[in-house]
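Chemist: Starting from these lines, generate the structure:
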Amino acid sequence: MKSILTFILSFFFLLQYSSIEAQNQPFYAGASVGVCLTVTHLDKNIGDAQRWGFNLPFPAEAFVGYRFTPSLSLQVVGGYHNKSYEASPSTFFQTGNIPNFKGGIGGLDGNSHIGGNVLFRRPIGKTSTKFIGALVGYSKTWYPYDSGSNTGTCEEPDPAVFGGCLTGLNMDYEAYQTNNHFWVFGAFFEKTIGKNSNRMLRFGLNYRKGGGDAPPIVGELYYVENGNRVETVDFYSNGSMLSFEVGYLLGFGKVR
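Modeler: As a prediction, this is how the structure comes out:
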């Protein structure tokens, strides 16, 4: 983590002193929408059980920013991140022949958040119509409610045993209402659109590293043989996500 932060700060330093033409309006506002991937972490290596959950069309965010210089800006951001989590094991340690199972973890619509980002950018070429840049930021998150579920695939149903399954795979999980946070690290490309210089499109790739006292998703996968649990794998997600986003920016305020 220390080496990553050192690289980002060095990159920001170079961008801050780049040569950019004057920005006409210091304030800007905008919104973005995108697609994202969220990962489910497991305490054991069970084949392809570590799975990414694909989310469309979120995350969605709105933001207001101020440019201190043409290369340096600060923005306040708020939004809603819709998330899903998946786990689909192909093999366990004790058996290599389990039922075909697709364990989509549902019941958690996502989280709201509010925070701030620092952005640095520099132009591409001799004109100031296209830019590349990077951002770093911090946000607080809120998950809306507590929920839980059980799902599974039964290979040998048997109403005489507990749970009604003699052989099969099950998933139990809980989604907790919790106040967490995330750090965001990203890179973006901006392009001026239209005849006026106060409108821009931003294409960004962002990684949000979730954290907090308690992960919003915890659960277990367990395999049952002859009505008995023979192997259990715990899993969790801290809400981290990798996303591609498209934003629209509109400048406003007194022209410099």
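Chemist: residues touching D234, list them.
Modeler: Contacts for D234 (Cβ atoms under 8 Å, 6 or more residues apart in numbering) come out as 42-43, 218-220. Using the backbone N, CA and C atoms, a C-beta is placed for each residue, glycine as well.
Chemist: for F203, that is, sorry about that
Modeler: With contact taken as Cβ under 8 Å, 6+ apart, F203 is in contact with 188-190, 244-247.
Chemist: Now, the residues you listed that are in helices?
Modeler: Counting by DSSP state H, no part of the contacts of F203 is found in helices.
Chemist: Farthest pair within those residues?
Modeler: Checked with Cβ to Cβ, those reach their widest spread between E190 and F244, with 14.9 Å between them.
Chemist: out of these two, which sits in the busier spot?
Modeler: Per other Cβ atoms under 10 Å, whichever of E190 and F244 has more neighbours is E190, with 21 against 12.
Chemist: Could you report the separation of that one from T167?
Modeler: Between E190 and T167 the distance is 56 Å, computed by Cβ to Cβ, to the nearest Å.
Chemist: Bridged to the most centrally placed residue in the chain, which residues?
Modeler: Geometric centre of the chain, nearest residue: M241, 2.1 Å, by Cα atoms, centre = their mean. Using DSSP bridges, the beta-bridge partners of M241 come out as T38, R208.
Chemist: Surely it touches S84?
Modeler: No - using Cβ atoms under 8 Å as the test, M241 is too far from S84 to be in contact (10.7 Å).
Chemist: still on that earlier bit, for the residue nearest to the centre of the chain, what are its contacts?
Modeler: With Cβ under 8 Å, 6+ apart, M241 has these contacts: 36-38, 55, 59, 81, 83, 207-208, 210.
Chemist: where in the stretch 51-200 of the chain is pLDDT low?
Modeler: Along the stretch 51-200 of the chain, the model assigns pLDDT under 70 to residues 51-57, 87-109, 195-196.
Chemist: at 50 instead, please
Modeler: 107 (pLDDT under 50).
Chemist: Mind jotting down where the helices sit in the protein?
Modeler: 2-16.
Chemist: most remote residue from it's center?
Modeler: The centre of the chain is farthest from one residue, A160, which by Cα atoms, centre = their mean lies 43.4 Å away.
Chemist: List phi and psi for that one.
Modeler: The phi/psi pair for A160 (degrees, to the nearest 10) reads phi -80, psi -20.
Chemist: May I have the residues that are in contact with it?
Modeler: Contacts of A160 by Cβ under 8 Å, 6+ apart: none found.
Chemist: And for the one 4 residues further on?
Modeler: Contact criterion Cβ under 8 Å, 6+ apart gives 154, 157-158 as the residues in contact with G164.
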